[in-house]
Each structure stands twice: as structure tokens, then as C-alpha cells.
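Asks: Need the 3D shape of this:
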Amino acid sequence: MIRNTDKKIFITFDDGPEPEVTPFILEILNRYNAKATFFCLGKKVLRNQTLVEKIRENSHTIGNHSFHHSAGNKISVFEFIQEIEKCNALVHSKYYRPPYGKINRRQIRAIKEQYKIILWDVLPGDFDHRISKEKCLSRSINNTKSGSIIVFHDNLKSKEKVLYVLPHYLEHFSKLGYTFEALSEDLLL
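Replies: Below you'll find the model as predicted:
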């Protein structure tokens, strides 16, 4: 969560870019003049570089989500740093989101000078097959407040839910006077 007194929400997407999902997300965001941050996987960036450029062209922010999506608690500090650096060679971002939110103190110490670690305060569960798209929407709306960082996913597993939830979510909060911003350095000081 980012402390602010304005009605701002920070929408983020993990696990992309995905050609069968990300272009639809970009269309929905454009419809609501919403900006977002896309935490990309290096392996997908390699296959979808034109899509990464389209994200940037639409004034969204790119973040680092590692190269292979390896959980920090399952790899060594050395492997952890390699995952981030390999991805960063492609995305060139100061923002890092650990896959599954898994990161330990040694890993934090190893990267804190180079990267801003970005977590979230709203996790609607668009990736969870046990949660309906309606439940995902209600969790998104009910848990968001000014300054919230919400995480959706632009991957095939989440496609149906995110494409259902996102326009309803943006419509709801637009009517309440909220704006949607990408993460930026001045917000994270």
C-alpha cells in the first residue's frame, strides 16, 4: 500500500506478458484511462518483446518478476540474484516483485540497494481455480482502499477471471472518483 490522501489505486499485473491476455488488458486499461505496472517474467519477455514495447508505449510501467518465476524460499541467494539480473537485462526496471511474495532477509539485503521490492495489499485470487470470477471481483472491490496495490495476473491461467473482473473493478472505482496509476519513483520515496 502506498500512503496517499488522494483517491489513487495502483493496479499491477504479474506473470506476463501473455499474447492471449495482455492485449485485452491493455484495451480495458485504455478505456478507463488507467495506468498500471506489469511485473514481467524474463522468459516471456524474450518471446514477446513487441508486447513489452506496446505496454511501454501505452505509458505503463514495467517491473521485474524474475526470469523463471522461482520462489525465493526454494533457491539460494546466488540463484535468486541470477534470476533477477537475467530478467533485468531485458526489462531494465528498478522495481522487483518476488514470485509468490517469497523473499527472505538475506535476499532482501542482497538487492535492496539496486531494487525497490514491491508487494501488494490486495490479492483477489484470479489465479485460484477454487474462486469464482464473481468472488474474485467482490474480493477486489471489498479490500481496496486509497493507496492500495492490487495484483492481477496476465497469464492464461487467470485469463477468464481477470478479463471479467478488471472492467467491473475499473468501472466501480471510476464512479467513486478514483484514478489508477502506475508505480513511479516519486510515489515510492
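Asks: Longest helix of this structure, counting residues only.
Replies: If you go by DSSP state H, the chain has its longest helix at helix 159-175.
Asks: what mean pLDDT does stretch 38-55 have?
Replies: When pLDDT is averaged along stretch 38-55, the result is 97.
Asks: Need the CA coordinates for it. CSV is fine.
Replies: Presented in CSV, the C-alpha positions along stretch 38-55 are these (Å, rounded to 0.1, in the frame of the first residue of the first chain):
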residue,chain,number,x,y,z
PHE,A,38,3.3,-5.0,-15.3
PHE,A,39,5.7,-7.3,-13.5
CYS,A,40,7.1,-9.4,-16.3
LEU,A,41,8.9,-12.7,-16.4
GLY,A,42,12.1,-12.6,-18.4
LYS,A,43,11.4,-15.9,-20.2
LYS,A,44,8.1,-14.4,-21.5
VAL,A,45,9.7,-11.1,-22.4
LEU,A,46,12.1,-12.9,-24.7
ARG,A,47,9.2,-14.4,-26.6
ASN,A,48,7.0,-11.3,-26.6
GLN,A,49,9.2,-8.2,-27.0
THR,A,50,6.8,-6.3,-29.2
LEU,A,51,4.1,-6.8,-26.5
VAL,A,52,6.5,-5.3,-23.9
GLU,A,53,7.0,-2.3,-26.2
LYS,A,54,3.3,-1.9,-26.5
ILE,A,55,3.0,-1.8,-22.7
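Asks: what distance separates that stretch from the middle of the whole chain?
Replies: 13 Å (Cα atoms, centre = their mean, to the nearest Å).
Asks: The chain should start at 448 in everything you say after this.
Replies: In the new count, where the first residue is 448, that last one comes out as stretch 485-502.
Asks: List the buried residues for it?
Replies: Phe485, Phe486, Cys487, Leu488, Gly489, Lys491, Val492, Asn495, Leu498, Val499, Ile502 (16 or more other Cβ atoms under 10 Å). C-beta here means a position set from N, CA and C on the backbone, and glycine is covered the same way.
Asks: Out of these, name the ones that lie in strands.
Replies: Those of the buried residues of stretch 485-502 mapping onto strands are Phe485, Phe486, Cys487, per DSSP state E.
Asks: my read: the first one touches Phe599, true?
Replies: No. In this structure, Phe485 sits apart from Phe599 without contact. The criterion is Cβ atoms under 8 Å, and the distance is 10.0 Å.
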